[in-house]
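>>> model this:
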Amino acid sequence: MKTERRSAIKKLFTSAAALLGVGYVAKANGIGSKEKEVGEVTEFQDVPLFSGHTTYNNIVYIAGKGAHVAPFEIKAHTEIVLQELEKELIKAGSSMDKVLKVSVFLNDIADYKGMNEVYKGRFGKRPPVRTTVAVAKGGVPGDSLVEMDCIAYV
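The predicted structure is shown next:
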């Protein structure tokens with residue numbers, strides 16, 4: 001009787017954990033998972049600083065991409081950034097159609113409409129979720145008017 005009750009409780013807990021996503025904690029802690037894979041690593045003073053992308057359990061995380069060139073116009077910068085995201089996704093074995101989330105960082109919120117004009121339609125018929133913010137004092141690093149990063153699957 002005790003064994004049956006424990007078994008039933010264990011099944012209930014496992015089902016509840018699966019519904020709540022608790023099972024992913026084990027994967028995130030490396031249990032039953034392979035080591036993360038990284039793309040090209042940018043170094044600073046001979047010390048690894050960040051990777052162009054990181055892949056873990058068929059999810060790829062793309063580092064922020066900016067456009068640090070003239071012309072300093074939002075539509076041109078958005079086009080460059082989206083092309084850089086796509087190149088990095090391809091290197092990681094993914095594509096724009098597989099993007100799940102995009103974060104957009106604008107130097108000036110007044111550029112929102114211009115950025116959207118170039119952005120629309122770039123991720124297929126089922127676009128990813130997106131967060132767009134205007135950065136605070138100091139702006140986007142470098143001379144870029146926009147920076148984007150994303151999360152996709154492989």
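>>> Pro128 and Asn58, how far apart?
16 Å (CB to CB, to the nearest Å). All C-beta spots, glycine's among them, are computed from the backbone N, C-alpha and C.
>>> and those two? which has more neighbours close in?
Neighbour totals were compared for Pro128 and Asn58, and Pro128 leads with 16 against 11 (other CB atoms under 10 Å).
>>> leaving out sequence neighbours, find the closest residue to the more buried one.
The shortest distance from Pro128 to any non-neighbouring residue, by CB to CB, 6 or more residues apart in numbering, is to Val99 (4.4 Å).
>>> try Val38
Ser51 (3.9 Å).
>>> immediately after the helix or strand of the chain with the lowest mean pLDDT, which helix or strand?
Least confident helix or strand of the chain, by mean pLDDT, DSSP states H and E, is helix 23-28 with a mean of 41. Per DSSP states H and E, helix 23-28 leads on to strand 37-38 as the next helix or strand towards the C-terminus.
>>> just checking, what packs against that following strand?
Where contact means 3 or more CB pairs under 8 Å, 6 or more residues apart in numbering; DSSP states H and E, strand 37-38 is packed against strand 53-56.
>>> mind listing what the strand it packs on pairs with, with the direction of each?
Using DSSP bridges, the strands paired with strand 53-56 are strand 37-38 (antiparallel), strand 59-66 (antiparallel).
>>> now do stretch 83-95: distance to the chain's middle.
Centre-to-centre, stretch 83-95 and its host chain are 11 Å apart (CA atoms, centre = their mean, to the nearest Å).
>>> which parts of that stretch are buried?
Within stretch 83-95, the residues that qualify as buried are Glu84, Leu85, Glu86, Glu88, Leu89, Ala92, Ser94, counting by 16 or more other CB atoms under 10 Å.
>>> for stretch 140-149, same thing?
Buried, per 16+ other CB under 10 Å, within stretch 140-149: Val140, Ser144, Leu145, Val146, Glu147, Met148, Asp149.
>>> which ones are touching Phe72?
Asp143, Leu145 (CB atoms under 8 Å, 6 or more residues apart in numbering).
>>> now swap in the one 10 residues further on and tell me
Contacts here follow CB under 8 Å, 6+ apart; on that basis Leu82 touches Val118, Tyr119, Arg122, Met148.
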